[in-house]
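>>> structure for this input, please:
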Amino acid sequence: MVWIPTFSCWLFTSYLISFGVSHVYGITLTARDETGIKGPNPVTVKCEYVLAPGEVLFTITMSRKRTTDPSYTDIAVFRPDVDSSLYGPGVADDFKLRTTLIMSDGSTSVRFDRVECEDEAAYRCSVDYQTAGNTADTKTADMNLLLQAQPLTPTITLTPAYADGYTDGQQVQFRCQGSIGKPAGDFLWFRYRGNTPEDITSLARLNPSYPTTGTCTFDRVSQLTLNVSRQDNGMTIRCAANHTTLTKPTGFETCNSTCRQTDKIAVFYTFTESDPDVSSNLAGGTHTAGDTVTLKCNADTNPPATFSWHKEGDDNSTTPGGEWTLSNLQIEDSGTYTCMATNVVRGVTYNASRSLNINVFATTTTPSTTPSTSTQSPPSGKTDAVEPGPTGMFTIVVSVVICRVSQHHYSCVQNIYNYSISVHIL
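Residues are numbered from 1 along each chain as shown. Alright, predicted model coming up:
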């Protein structure tokens with residue numbers, strides 16, 4: 001029966017050791033690493049303790065060692081027996097203004113109400129206490145305060161820096177620079193044609209990060225090069241920071257304090273091979289005398305093109321504007337109509353033209369005819385009616401052809417008229 005308690009005691013000891021408890025009978029001291037975000041973002045470094053029966057806690061001293069410090073420096077001393085907490089003698093006033101010392105039963109802590117770069121350090125809790133055997137002892141526990149920093153608003157510049165816009169096919173470089181926080185983040189690029197964002201980060205070059213002077217954060221430069229086109233007229237380019245402390249931008253949000261975007265960018269362009277586009281409100285080019293037709297001309301250019309219409313062979317027929325309405329068409333209105341379009345880009349004038357034909361035909365009307373009947377009076381002295389002789393009907397067909405010749409156009413109109421004649425044969 002002796003081996004059973006011995007075995008149970010061994011299992012219990014092994015259980016405690018697996019959870020980091022080094023003394024089964026003695027004070028237990030715990031400290032955990034914390035992560036703080038630079039700025040007004042509270043974070044607390046804490047020491048927790050559990051006394052064994054008969055032990056007495058004297059003081060808990062919290063100290064820190066930054067990477068530039070040769071050794072640990074005391075920042076706070078806690079005296080549970082007199083319920084007091086004091087800053088270390090060498091602590092700066094700035095540190096006191098943005099921290100709070102907190103002491104409670106079983107723990108002591110320093111709460112940072114505002115975190116600065118210098119707060120990233122290794123922290124140590126040293127506990128002075130009296131053991132159950134009435135001997136003085138010291139126990140320590142270490143932890144780290146790791147620091148993160150959010151990125152700041154970047155700057156975005158364009159090269160060349162034309163204020164009014166760029167020309168179709170011109171190469172433009174967009175440069176985004178700024179603090180990308182700690183640890184070093186990167187930049188995302190979005191192109192807006194209208195209200196739809198397009199992630200074009202893959203087209204950009206991201207330079208290596210470098211420490212920001214006087215801080216613990218990092219700066220970075222990213223460059224995006226585009227050959228702008230007519231589809232880019234009115235577009236916006238956005239550069240947005242991407243960092244672990246931020247929700248990854250999708251491009252749909254309003255640009256906030258960690259992104260920057262350009263104003264709408266103007267791209268100037270002239271005609272394509274299909275410009276200008278000409279049309280009329282009546283299908284085809286054949287119209288009937290008396291019709292009204294509206295000729296239309298347009299082209300997609302920036303700046304907008306100016307237009308004028310001209311009937312070939314008629315020097316007095318030029319009409320300014322993209323529309324020309326011809327009312328009560330006549331045969332002599334048949335011909336070729338040309339739209340001339342003009343566009344000026346950066347002082348260079350571009351012209352384009354396109355024509356359409358108008359053919360006007362006269363309306364054909366067939367006169368109404370009624371067969372005629374003839375009677376004769378009987379000769380004198382006779383009372384019998386005279387029977388009419390044989391009657392014949394003849395139809396005469398008249399064809400009239402009107403031809404018109406102009407400098408660039410030849411057209412003919414044929415009108416056919418039918419006439420019926422009633423002839424009475426005596």
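>>> alpha carbons only for contacts and neighbour counts from here, please
OK.
>>> got the contact list for stretch 236-252?
By C-alpha atoms under 8 Å, 6 or more residues apart in numbering, the list of residues contacting stretch 236-252 from outside reads 148-151, 154, 156, 176, 180-181, 184-193, 197-199, 258-265.
>>> the residues you listed, buried ones only, as a PyMOL selection?
The PyMOL command for the buried members of the contacts of stretch 236-252 (criterion: 16 or more other C-alpha atoms under 10 Å) is given here:
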select buried, resi 148+149+150+151+154+156+176+180+181+184+185+186+187+188+189+190+191+192+193+197+258+259+260+261+264+265
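>>> and the contacts of stretch 236-252, which of them are in strands?
Among these, the members falling in strands (DSSP state E) are 148, 156, 176, 186-193, 197-199, 259-261.
>>> skipping its backbone neighbours, what lies nearest residue 221 in space?
Of all residues not flanking residue 221 in the chain, residue 177 sits nearest, at 4.5 Å (C-alpha to C-alpha, 6 or more residues apart in numbering).
>>> report the beta-bridge partners for that neighbour.
residue 155, residue 221 (DSSP bridges).
>>> what sits against it?
Residue 177 touches 154-156, 219-222, counting by C-alpha under 8 Å, 6+ apart.
>>> do that again at 6 Å, thanks
By C-alpha atoms under 6 Å, 6 or more residues apart in numbering, residue 177 lies in contact with 154-155, 220-221.
>>> now swap in residue 35 and tell me
Counting by C-alpha under 6 Å, 6+ apart, residue 35 has contacts 145-147.
>>> same check on residue 206?
The neighbourhood of residue 206, defined by C-alpha under 6 Å, 6+ apart, consists of residue 222.
>>> any idea what it is bridged to?
Judged by DSSP bridges, the bridge partners of residue 206 are residue 222.
>>> avg pLDDT for stretch 353-361?
Throughout stretch 353-361, pLDDT has a mean value of 94.
>>> for residue 27, state which of the contacts of residue 177 is nearest.
Within the contacts of residue 177, the smallest distance to residue 27 is 48.6 Å, found for residue 220 (C-alpha to C-alpha).
>>> burial measure for the closest one, as a count.
Residue 220 has 22 neighbouring residues, counting by other C-alpha atoms under 10 Å.
>>> excluding sequence neighbours, find me the nearest residue to it.
Using C-alpha to C-alpha, 6+ apart, the nearest residue to residue 220 is residue 209, at 4.7 Å.
>>> how many other residues sit next to the one you found?
18.
>>> so how far is residue 176 from it?
13 Å (C-alpha to C-alpha, to the nearest Å).
>>> tell me which of the contacts of residue 177 is nearest to residue 288?
Comparing those against residue 288 with C-alpha to C-alpha places residue 155 closest, at 65.4 Å.
>>> what pLDDT does the model give that closest one?
Looking at residue 155, the pLDDT reads 97.
>>> burial check on it, number of neighbours?
17.
>>> now do the contacts for the nearest residue to residue 184 once chain neighbours are set aside.
Nearest non-adjacent residue to residue 184, counting by C-alpha to C-alpha, 6+ apart: residue 218, 5.6 Å away. With C-alpha under 6 Å, 6+ apart as the criterion, the residues that contact residue 218 are 179-181, 184, 210-212.
>>> can you redo the residues you listed as CSV with distance to residue 76?
Putting the contacts of residue 218 into CSV (distance: C-alpha to C-alpha, whole Å) gives the following:
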residue, distance to residue 76
179, 33
180, 33
181, 30
184, 32
210, 34
211, 31
212, 31
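>>> among these, which ones are in helices?
When DSSP state H is applied, the contacts of residue 218 are split such that none fall in helices.
>>> ranges for the strands of the stretch 201-350 of the chain?
204-206, 210-211, 218-227, 236-242, 259-261, 267-268, 277-280, 286-288, 293-298, 306-311, 319-320, 323-326, 335-345, 348-361 (DSSP state E, counting those that start in this stretch).
>>> the protein: helices as residue ranges?
3-18, 93-97.
>>> mean pLDDT for these: which is lowest?
Minimum mean pLDDT among the helices of the chain: helix 3-18, a mean of 36.
>>> picking up where we left off before, looking at the contacts of residue 177, which is nearest residue 294?
residue 155 (52.2 Å).
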